[in-house]
Structure formats: structure tokens, C-alpha cells
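[1] fold the stuff below for me.
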Amino acid sequence: MALRPGQRFLSLLLLLIGLLLVYNPVTKFPYTFCVIIMYILAVTWYTKRSLKPLRFRKLDSKALKIILLSYLVLELSMDFVFQPLVNKIFNEPADYTAFRFIEGDTAVYFSWLLKMWISAAVGEELLFRAFAFAKLRDIFNRRHWVFIPISAVLFSIPHLYQGLAGLTMTFLFGLFFGYIFYRFKNIWINIIVHGLIDTVFLTLSYLGYLEFYSMVW
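    Sure, this is the predicted structure:
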């Protein structure tokens, strides 16, 4: 059923509020995304009387196979094809120096793993995929593949601190994550794949191998 103009404007406003919460000056990582998660769940339940628009679906054996295949394809292609290519194009690697403090500190490493799964895996996927797709569908009164690049742009903007190469890599990740959500319509798949990707990144940071992301063709 098509939404009235007022309802579509409300969906746009609710999406903008969710996106602006990323930049709110009151909370810091990881509490910012804890607030965002609660906002998304509350808003979705209040406006839809259900969390179904966020696509929390059962993880069966087929979904687990999709997770494994998606993770392997994404990890290998990004690490060994796209990252070196982006580094070469911009003549500099993505700036991941903000994560060097994790190196060799086991307590910080496990603390950040937990924070990452809450903020990046759950929080970012709920905001930039589940919530963004649901609200864009309300706004445009249809489901469309163009939501994939839109969500990828929104996802990449908060990563400006990583430089142009890092911004580009985040955009590419956003395209892949957007496609996975558009194709399989199960936010749990996105959350787990995203979490596995970031777990590898934090593990390499802990082991002192951030230079791995600096290679070029």
C-alpha cells in the first residue's frame, strides 16, 4: 500500500534523525550505536507495530552457507584485489593508524571485539542496511536496487577519518553489504558477515600486521 506524502516525509525525517545520531556530541563509541540501536528498534515498533521491516529472520542451514560463502568472497576479494587496487589508485593506503593502540594489548583487544560486534556489526548493519532500506522503501513507495549505492554512501561518510582510500574501501564494503541485504533480506546474515570481517581486522591490528592493508599490486 502506497504511503501518503505526510507518511513519506515522516519516514525521511526518522531516517535523518537516525543518521544524525552518529554525530551526536553527547555519546562516544560504543555507546553512540547503543543509542542508535535502541532508537531504531523503538521507532520501528512504534511506527509499524512490528520489527519485521528490519528483516530479523531465522538462521537455517542455508543462511549459514550464505554467511560462509559471502564472508569468504568478501574477505578475499577486498583484501587481495580491491584494497591493493585502491591503494595504488590513491598512491596511499587507507589510514588505519587509529587502531594501532590495540597492538599487543590482550585486554583492549577483547574489549574492542565486544564493542565492535555491538557497534559495527549490529549497530551499523541495523542503521545503514535494515533501517535505511526500510525507510527508503517507505519514501519511494517501492523496493529498488538503487538503495544499495545510497546506503553505501551513507555508510562511508562517517569513515572520512580514514582518508580517501579508506573512504573508498568503506563505500565498496557498503555496496557488498547492501547487495547481501537486498538479495537475501536477512539482517542476521549482514551482522555476522560484517562482524567476521571486522574481527579479522582487529586481530591483525592486535598482532601488529596493519601493514597488510598497505600492499599494492
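[2] can you spell out which helices and strands pack onto the helix or strand where Leu154 lies?
    Using DSSP states H and E, Leu154 falls within helix 147-156. Judged by 3 or more Cβ pairs under 8 Å, 6 or more residues apart in numbering; DSSP states H and E, helix 147-156 is in contact with helix 132-140, helix 163-184. C-beta here means a position set from N, CA and C on the backbone, and glycine is covered the same way.
[3] again, only using 10 Å
    With contacts defined as 3 or more Cβ pairs under 10 Å, 6 or more residues apart in numbering; DSSP states H and E, the packing partners of helix 147-156 are helix 5-20, helix 132-140, helix 163-184.
[4] figure out which of those is closest to Thr32.
    Proximity to Thr32, assessed across the helices and strands packed on helix 147-156 by Cβ to Cβ, is greatest for helix 5-20 (11.2 Å).
[5] tell me what angle the next helix or strand after the closest one forms with helix 5-20.
    Using DSSP H and E, the next helix or strand after helix 5-20 towards the C-terminus is helix 31-48. Between the axes of helix 31-48 and helix 5-20, defined by axes from the mean of the first three to the mean of the last three Cα atoms, to 10 degrees, the angle is 170 degrees.
[6] can you list the residues that contact helix 31-48?
    7, 10-11, 14-15, 17-19, 21-24, 26-27, 50-54, 115, 118-124, 126-127, 130-132, 134-135, 138, 158 (Cβ atoms under 10 Å, 6 or more residues apart in numbering).
[7] name the nearest residue to Asp105, sequence neighbours excluded.
    Tyr206 (7.5 Å; Cβ to Cβ, 6 or more residues apart in numbering).
[8] list the contacts of that neighbour.
    99, 102-106, 108-110, 112-113.
[9] give me the buried subset of those residues.
    102, 109, 112-113 (16 or more other Cβ atoms under 10 Å).
[10] what's the pLDDT at the residue nearest to Asp105?
    Tyr206 is assigned 96 on the pLDDT scale.
[11] quick check: end-to-end length of stretch 138-155?
    Using Cα to Cα, to the nearest Å, one end of stretch 138-155 lies 19 Å from the other.
[12] so what's the residue count around Met55?
    For the record, residue 55 is Arg, not Met. Using other Cβ atoms under 10 Å, Arg55 has 19 other residues around it.
[13] I figured it hits Ile187, correct?
    Yes - counting by Cβ atoms under 10 Å, Ile187 is a contact partner of Arg55 at 4.7 Å.
[14] what do these two both touch?
    126, 129-130, 133, 181.
[15] from those residues, pick the one nearest Asp60.
    Phe181 (17.3 Å).
[16] where are the low-confidence patches of the protein?
    1-2 (pLDDT under 70).
[17] ok, back up a step: now, the contacts of Tyr206 that are in helices?
    The members of these that map onto helices under DSSP state H are 106, 108-110, 112-113.
[18] burial check on the residue nearest to Tyr23 when sequence neighbours are not counted, number of neighbours?
    Counting by Cβ to Cβ, 6+ apart, Pro158 is the residue found nearest to Tyr23 once chain neighbours are left out, at 7.7 Å. By the measure other Cβ under 10 Å, the count of residues near Pro158 is 17.
[19] gap between Pro158 and His194?
    14 Å (Cβ to Cβ, to the nearest Å).
[20] run through who's touching the helix holding Leu154.
    So helix 147-156 is contacted by 15, 18-19, 22, 124-125, 127-137, 139-140, 144, 162, 166-183 (Cβ under 10 Å, 6+ apart).
[21] with that, I have no additional questions.
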